[in-house]
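Novice: Predicted model, plus sequence, below.
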Amino acid sequence: MIKSFFQIFVGNEEMAEFDMLDSEIPLHVMCCGDFTCIVAGSLDSDVASSTDLASEQCFLEEMLAVQVSVLKPLARKSNLDDIIANLSSKYTDLLQLTAVNVTSMSQGTSSFKLLQEHMDEYLQVYDVYLSAVCDMIATSGFSQLARVIDIPPRLVAIFSDRLPSRKTSPEAILTCAFTHPLNRVSVYKMMLSRGQSPVPPEALKWEQFCDRQDATRKQADSTRMFWESCGRLVDSLRTPQRRLVRESRSHPLTVQNVSRFSSQWLILLSDALVYISGATQVVYNLATLWVETVPDNDTLQNILQITTPEETLTLVAPSQSDKNEWLRAILNTIKTVLNKLQVPSARTAAHTFTKHTTYKDATYTGRWVSGKMEGQGRLEWTDGRVYTGQFHANLPHGTGRLESPGVSVYDGQWKDGLQNGHGLTRYENGDVYEGYYKDGLASGHGVRKSGSFKSNTATVYVGEWVNGLRQGYGVMDDIFTGEKYLGSWNNNLKNGTGLIVTLEGIYYEGAFVQDVLTGHGVMMFEDGTHYEGELRAAGLFSGKGTLTFSTGDRFEGSLHGTWNEGIKITGTLHKNMPTSSPQQHSSKPSSFGKLCVPPHQKWKAIFRQCWAALGAGADGKMADTQRAWDSVAVALAAHPATLHRLHESLQTIPQFGRHSLDSLSYQSVCAYLHQAFESNYHPLGIALRELTGAYNATYGGRVHLLLLTHAVEELHSVAERLYQVVRVLFPALPPPGRDTQLPDNETLVVSLTSILHPILLPRFHNALFELYALYNKTQDDCYWKRLVKWNKQPNSTLMAFLGIDRKFWFGADENQQIWAEHRFSAAVETLQQLKTTFCPLEKLMVIQSTFEQMTKVVRAELGADYLWAMDELFPVFVFVVVRSCISQLGSEIHFVEDFMEPRLAHGELGIMFTTLKAGYCLILQEKISIGS
């Protein structure tokens, strides 16, 4: 089978190159003295396959011998070191792979095809096995293994002639037995490259593995010798996976400003830099180590600066070349640890602090930049506290969550390591605080819910905080007692003007000192009785005053005692002459509404925060419109994850509404404001959300009808102050209190009301209308009783009762069913839409549409030119109102009166609204029973 001639080499050269044909391979090598003879040739495929199979079978038999002689006895032993157990496991994996190879090759699969198709699997198994063997070598693991197992003669016979020396110790035999499978790599490389031109890429991969294997085994050997020479000084550093890279006794490097008489040693390992000074040992994790060179100067030369999370080391090398070699070694090792092609300044790693005063013994896992915590991370303390969130310059900064076991959980904004900005804290006892913080304490607007709703300490406070204390204006709702306080606070106590409403329906108003109502005040009861004078506490008369009863009778003089236990009165009784139609709500104390916090003084913290978000200075003054828009852009950009969900109009800074206003720009301004107030991240949206929550907490739930006046005034104040903010963004809008007609559309009037009411009133409507309903309950109940009775009558009966001219009956007398169709059904359906609107203008438009529907019917029957007089129209309109069955109509009318623009009162809409009021009053004055 030999196809070529003999090649002879003289001398002791290592594997000298020689010419062979592409199809040739070295078949035999013979040596004698200085002569080496290589027989080269090629094999037929059948012979090659047979040869490869025989070789693989021989290799398998040797591995089986190791398994029987070593691994099986080991399996019967307990408490094996992890490193030996790992080697046993990886050896078994390699044995199984070899057995599969033999089976496949014996079934006719060529070695080339087998190795080519399963290249990645082969490399993975061998790579893992190489690591296990090198771990054993680096830690003298084979020496330990030799002490726990007996070596059978069969194993000695197999490997004794393959030892690098004549020493056949158990350790040497075991080392040879377990490193021998790694030599199989060169055989696989030969099988792949045999007869191939050019060399296939699979063979090149095995070539690269061989190079990596040589370097890895060499490093493992040097590491073993290092550990053996160091003694117990560095025993704590010895781990199976750790390798020696460089150390300062062989390659000098010292720490600057350390006494030259002190002993210092720098050891660069595969995952750490170790500094030993005397008996002190410091280990720096390479994943959190940064190295850079320092420019030479007259005093410092050949300097390397090491930065770690807790300290900075300045290292001095004896020469430039030594410095460069150390720098290269450290950088390459860091790249290996991080699995990066370049050393990044920003990286993700874990570090446990040992010296830091704040973070001692805490573990941080997350983003680092040049030795500092920067970006997203997680910090865990030994006491169980965990912070997860953003960091900047080694401090929590941005958004984050702090969990303090047994205390609280905080979610929110941070600055310079403390809670700053908006956040939510849930306490272990069930309390909840949501609002603003400053330097770790509640400051600004916030809501604190304390106690469970079934306990006797359940309270809800909505208002201003300073340094963790209630201070400024706020509302406290005592769930247990049913008492609600709206007023000023100082140092967690009621202090200043304020009012209280109780579960019994009593209303107090006056000045509070250290939680006690003191001095001149007002006290009012549900039946209309009220007192104005000196008070010493809620419900305690204490001096001069006037007590007025619901009948109009009043006592003037000195009053002492409590309402429930009796009052001692010294003074004069004034009798009131009764009238035919007493007004229950007409009588109020002269000081009502004057002894509480003015509307413009409420919720100032919310508006301060809004102005600050728009870039206002500490004095609250705005620089200019552009600065405000820039601040809006920054606020929205602070939430990048939500930018794609923002409405298109919020994603750019608008240019309209700054200098002039026309129909198009006005519509654009309204559209932008609707989106801004809907946004959870726009300063306007944040302010409105907080104002809505505060308003509903104040006037929702258990309320008193006397709070209606305060609620209306407060809502007007909120609208005015929000409008001031809006005008900073859109200066072309008219100032508060002024209406502007657009030049290109005189029918369109721009005002505070037209812009903000459609946005604000729907959000405040529920709480506000509940007060209207309570205030007008007596009249609305009377109105509803009449509607229930009247709507049981047929159309003709009701029309006759209301005095409607028969020419407007339109056949109503022909059908006597109660709910028979009539010609004004469309008008009735239109008026019923009144309950679906929330703004006065929208309600007025519904009323206007109702009149239009009525007129349309009349003209269809009586002629297109028919004009009806008010005397004709009014009874028909009352009929439509009755059939519409609008609940709480008096409250609806009251609401429109309070919030309707003054300019509308004297126009067509105003006249129609007056007609509705007149119809409501007529219904109240009519008798309930139609037949009587």
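Specialist: Nice, thanks for sending it over.

Novice: switch to C-alpha atoms for all contacts and neighbour counts from now on
Specialist: Noted.

Novice: Geometric centre of this protein: which residue is closest?
Specialist: residue 399 (7.1 Å; Cα atoms, centre = their mean).

Novice: Helix, strand, or coil at the nearest residue to that one once chain neighbours are set aside?
Specialist: Setting aside the residues directly before and after it, residue 399 is nearest to residue 413 in space (Cα to Cα, 6 or more residues apart in numbering), at 4.4 Å. Here residue 413 is strand, with the state taken from DSSP: H, G, I helix; E, B strand; the rest coil.

Novice: Residue 413 contacts residue 398, correct?
Specialist: Yes - A contact is recorded between residue 413 and residue 398 when judged using Cα atoms under 8 Å, the distance being 5.4 Å.

Novice: Am I right that residue 105 is in contact with residue 113?
Specialist: No - the pair residue 105 and residue 113 fails to qualify as a contact (Cα under 8 Å) at a distance of 9.8 Å.

Novice: The two: which has the busier surroundings?
Specialist: Set side by side, residue 105 and residue 113 give different neighbour counts by other Cα atoms under 10 Å, the larger being at residue 105 (21 against 13).

Novice: Just give me the neighbour total for the residue nearest to that one when sequence neighbours are not counted.
Specialist: Once its chain neighbours are removed from consideration, residue 105 has its nearest residue in residue 53; the separation is 6.1 Å (Cα to Cα, 6+ apart). Applying the criterion other Cα under 10 Å, we find 22 residues in the vicinity of residue 53.

Novice: cool, and residue 374?
Specialist: By the criterion of other Cα under 10 Å, residue 374 has 22 neighbours.

Novice: my guess is it is in a strand, correct?
Specialist: Yes - assignment of residue 374 by three-state DSSP places it within a strand.

Novice: who's in contact with it?
Specialist: For residue 374, the contacting residues are 367, 368, 390, 391, 392, 393, 394, by Cα atoms under 8 Å, 6 or more residues apart in numbering.

Novice: a strand runs through the fourth one, doesn't it?
Specialist: I take that to be residue 391. Yes - membership of residue 391 in a strand is supported by three-state DSSP.

Novice: beta partners for it?
Specialist: According to DSSP bridges, residue 375, residue 396 are recorded as the beta-bridge partners of residue 391.

Novice: hang on, the earlier thing: now, among the contacts of residue 374, which is nearest to residue 738?
Specialist: Among the contacts of residue 374, residue 390 lies closest to residue 738 (Cα to Cα), at 47.3 Å.

Novice: Surely that closest one is in contact with residue 367?
Specialist: No - with contacts defined as Cα under 8 Å, residue 390 does not count as touching residue 367, sitting 9.1 Å away.

Novice: what about the two, which has more around it?
Specialist: Of the pair residue 390 and residue 367, residue 390 is the one with more neighbours under other Cα under 10 Å, namely 24 against 20.

Novice: what's near enough to touch the more buried one?
Specialist: Shown here is residue 390, whose contacts under the criterion Cα under 8 Å, 6+ apart are 374, 375, 376, 377, 396, 397, 398, 399, 400.

Novice: Give me the nearest residue to it, chain neighbours excluded.
Specialist: Distance criterion Cα to Cα, 6+ apart; nearest residue to residue 390, sequence neighbours excluded, is residue 376 at 4.5 Å.

Novice: So what's the residue count around residue 535?
Specialist: The local packing of residue 535 (other Cα under 10 Å) involves 28 other residues.

Novice: From the contact counts, what lies against the helix or strand that contains it?
Specialist: Following DSSP states H and E, the helix or strand that holds residue 535 is strand 530-537. Secondary structure elements in contact with strand 530-537, counted by 3 or more Cα pairs under 8 Å, 6 or more residues apart in numbering; DSSP states H and E, are strand 516-524, strand 540-548.

Novice: Going by mean pLDDT, which of these comes out lowest?
Specialist: Among the helices and strands packed on strand 530-537, strand 540-548 carries the lowest mean pLDDT, at a mean of 87.

Novice: Work out the sheet partners of that strand and label each with its direction, please.
Specialist: strand 530-537 (antiparallel), strand 554-562 (antiparallel).

Novice: can you put those strands in JSON lines and add distance to residue 676?
Specialist: Formatted as JSON lines, these follow (distance: least, Cα to Cα, whole Å):
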{"stretch": "strand 530-537", "distance to residue 676": "45"}
{"stretch": "strand 554-562", "distance to residue 676": "52"}
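
Novice: Deepest in the core, which of those strands is it.
Specialist: Comparing the strands paired with strand 540-548 by mean neighbour count (mean count of other Cα atoms under 10 Å), strand 530-537 comes out on top with a mean of 23.

Novice: Residues touching it, excluding its own?
Specialist: The list of residues contacting strand 530-537 from outside it, by Cα under 8 Å, 6+ apart, reads 516-524, 541-550, 588-589, 591.

Novice: Taking their axis directions, it and strand 516-524 sit at what angle?
Specialist: Going by axes from the mean of the first three to the mean of the last three Cα atoms, to 10 degrees, strand 530-537 is angled at 170 degrees with respect to strand 516-524.

Novice: Sort out which of the contacts of strand 530-537 are buried, if you could.
Specialist: Buried members of these, scored by 16 or more other Cα atoms under 10 Å, are 516-524, 541-550, 588-589.
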